[in-house]
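> I would like to see how this sequence folds:
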Amino acid sequence: MQLRAEQLEAQLSKSLASVYLVHGDEPLLALEAADAIRAAARRQGCDAREVLSVERGFDWSELAQAGASQSLFGGRKLIELRIPSGKPGTQGAAAIHAYCEHLARENVTLVTVPRLRRDDQNSPWFLALAGAGVVVDIYPVERARLPDWIGARLARQGQRASPEALGFLADRVEGNLLAAFQEVQKLGLLLPKGELSAEQVCDAVANVARYDAYDCSAALLAGDMARYVRVLDGLRSEGESPVFVLWALAKELRSLERIQQGLEGGRGIDQLLRENRVWGERQGPMKAALKRHARGALERALVHAARIDRASKGAGPGEPWDEFVSLGLELLNEGKATRAAE
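Residues are numbered from 1 along each chain as shown. Down below sits the predicted model:
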């Protein structure tokens, strides 16, 4: 069985599996998922807990011994296997496979690893764990879902806020889910239960947003100029190199231009997206951007990007951060003109 983090609570309320494999790249949600599994195991009579952390020189025979031995009091036991690298190695992979084949069903095994690549998820040791129990996939909370996530967390402590206040909160903590969690807890301590005004939220919340260059290119792709400028300001204040920001923006612009050229040549959109390595959730924004921006506008944007590159290296006029804003405004205006002409 494969679940997302938000589906775990419902599964635990129905039954407790013998094995849980938690993997993902959002530490807060991974920690909460593991805590939920531990709590459910305690409720189901796991009165002992044994933790195995795989470091250099780890003896994999300890895993088999942990599964074979009983709790001190003869009851059920929770066995935790932590693999910080996500790489058990050849010996570890064999040990995990053998462990699953001789699983002591009265115990509960919790395995935690970081986000694994697709080929790792198809490895025999991963599939053995998945076949023996439940895989919990931990994904980051996307920007579009962040206000709802914050609203749900506020509801847990008896508070609620307007969409405007939730949007303000999301802007301040974007890219930093642990900070979002802490800000929600702070609101619970500082303010009473019930409806929170936008003024109360603004006064209580700090600006702890964290951005990366990919957030900038995503905002440009979505045509969200307000967020694009906000991310640029955040990156600039954090000391990010404009060279890396430019690389991320130009990469997205080049992909758009290549796909647009292919469409003009009569090729199918799905094949073009695959060729340009546009997968999953990126496809929707990319298709929308293709409708907004003609090929000529994208070519002009790439020429502008080349000017920014020279400015960032001191070989041309202009201030790179200001030019990023100009580039975004030019694309936005050309996109509006394209829609108006349709």
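> For the nearest residue to residue 4 once chain neighbours are set aside, give its distance to residue 117.
Distances taken as C-beta to C-beta, 6 or more residues apart in numbering put residue 137 closest to residue 4, at 5.6 Å, once the chain neighbours are dropped. To be clear about C-beta, it is placed using only N, CA and C from the backbone, and glycine gets the same treatment. To residue 117, residue 137 is 13 Å away according to C-beta to C-beta, to the nearest Å.
> These two: who's more crowded?
Using other C-beta atoms under 10 Å as the criterion, residue 137 and residue 117 rank with residue 137 on top: 18 against 9.
> Next, that one: phi, psi?
Reported as degrees, to the nearest 10, the phi and psi values for residue 137 are phi -90, psi 130.
> Verify the contact between it and residue 23 for me.
Yes - using C-beta atoms under 8 Å, residue 137 is in contact with residue 23, at 6.8 Å.
> and the residue nearest to the spatial centre of the chain, helix, strand or coil?
Centroid-nearest residue in the chain, with C-alpha atoms, centre = their mean: residue 140, separated by 2.4 Å. At residue 140, secondary structure determined by DSSP: H, G, I helix; E, B strand; the rest coil is coil.
> how near is the nearest residue to residue 147 once chain neighbours are set aside to residue 159?
Of all residues not flanking residue 147 in the chain, residue 166 sits nearest, at 3.9 Å (C-beta to C-beta, 6+ apart). Counting by C-beta to C-beta, the gap from residue 166 to residue 159 is 11 Å.
> list the contacts for the residue nearest to the centre of the chain?
By C-beta atoms under 8 Å, 6 or more residues apart in numbering, the contact set of residue 140 is 25, 26, 177.
> With residue 35 as the reference, measure out to it.
Distance from residue 140 to residue 35, by C-beta to C-beta: 19 Å.
> Count the neighbours of residue 79 for me.
Residues lying near residue 79 (other C-beta under 10 Å) number 23.
> How about residue 269?
Residues contacting residue 269 under the criterion other C-beta under 10 Å number 15.
> can you check the one 3 residues further on too?
Under the neighbour criterion other C-beta under 10 Å, residue 272 is assigned a count of 20.
> ok, it touching residue 257?
No - the criterion here is C-beta under 8 Å, and residue 272 misses it with residue 257 at 11.4 Å.
> how would you label residue 111: helix, strand or coil?
Following three-state DSSP, residue 111 is assigned to strand.
> Look up the pLDDT of it for me, please.
Note on residue 111: pLDDT of 96.
> swap in residue 25?
We have a pLDDT of 83 for residue 25.
> and the closest residue to it other than its chain neighbours, how many residues sit next to it?
Among residues not flanking residue 25 along the chain, residue 115 sits closest, at 3.9 Å (C-beta to C-beta, 6+ apart). Residues lying near residue 115 (other C-beta under 10 Å) number 16.
> now residue 44
Using other C-beta under 10 Å as the criterion, residue 44 is surrounded by 13 other residues.
> Quick one: residues contacting it.
Listed by C-beta under 8 Å, 6+ apart, the contact set of residue 44 reads 16, 76, 108.
> host element of the closest residue in space to the last one that isn't next to it in sequence?
Computed as C-beta to C-beta, 6+ apart, the closest residue to residue 108 that is not its neighbour in sequence is residue 41, at 4.6 Å. Residue 41 belongs to helix 27-43 when elements are defined using DSSP states H and E.
> Quick check: residue 28 touching residue 178?
Yes - the pair formed by residue 28 and residue 178 meets the contact definition of C-beta under 8 Å, at 5.0 Å.
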